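> how would this look folded up:
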Amino acid sequence: QLQLAESGGGLVQPGGSLRLSCTASEFTLDAYAITWFRQAPGEEREGLSCINAENDNTFYSKSVKGRFTIARDNAKNTVYLQLNNVAPDDTAVYYCAARDRCIYELTAITSLYNAWGQGTQVTVSS
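The predicted model follows:
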């Protein structure tokens, strides 16, 4: 079973920045569209951003557009999510998932994706 791994989470102050990483040890990410999600306690999983495989087109949710940036580094087999100007509402577990191409609506239905990671916690607090 394909498996992804997220890292880079932690405690950050409001207005600060953090870079999350999504990697895979058993397959190459450049053949897949990678989507970032987050889930806060008691909330549904929310799609944030996706980067396509064949053309690196990117998509963002309204809640993070202009603050978060998705990018891939194929040499490192890694997809990043740069979080800037974070707020307490950004506190959540952040996940990445892989499939053949981005879903424009950033749908979070688990079965639509070939692989998921275990998540990394981001806490925004002063």
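
> okay, helices next: where are they in this structure?
Assigned helices in the chain: none (criterion: DSSP state H).

> shaky segments in this protein?
Within the chain, the set of residues satisfying pLDDT under 70 is empty.

> middle-most residue in it, spatially?
Trp36 (2.3 Å; Cα atoms, centre = their mean).

> pretty sure it sits against Gly9.
No: assessed by Cβ atoms under 8 Å, Trp36 is found out of contact with Gly9, at 11.9 Å. Backbone N, C-alpha and C define where each C-beta goes, glycine included.

> overlap in contacts of those two?
Residues touching both Trp36 and Gly9 (Cβ atoms under 8 Å, 6 or more residues apart in numbering): 20, 94.

> buried sites along stretch 15-31?
18, 20-24, 29 (16 or more other Cβ atoms under 10 Å).

> residue contacts, the residue nearest to the centre of the chain?
20, 22, 47-50, 68, 70, 79, 81, 94-96 are the contacts of Trp36 under Cβ under 8 Å, 6+ apart.

> beta partners of it?
Trp36 has the following beta-bridge partners by DSSP bridges: Ser49, Cys96.

> how about the strands of this structure, start to end?
5-7, 10-12, 18-23, 33-39, 46-51, 58-60, 68-73, 78-83, 92-99, 115-116, 120-124 (DSSP state E).

> can you say which of those strands is packed in most?
strand 33-39 (a mean of 25; mean count of other Cβ atoms under 10 Å).

> which ones are touching Cys96?
4, 6, 20, 22, 34-37, 79, 81, 116-117.

> at 7 Å instead, please
Contact partners of Cys96, counting by Cβ atoms under 7 Å, 6 or more residues apart in numbering, are 4, 6, 22, 34-36, 79, 117.

> likewise Pro14?
Neighbours of Pro14 in contact, by Cβ under 7 Å, 6+ apart: 86-88, 124, 126.

> one more pass at 8 Å, please.
86-88, 124-126.
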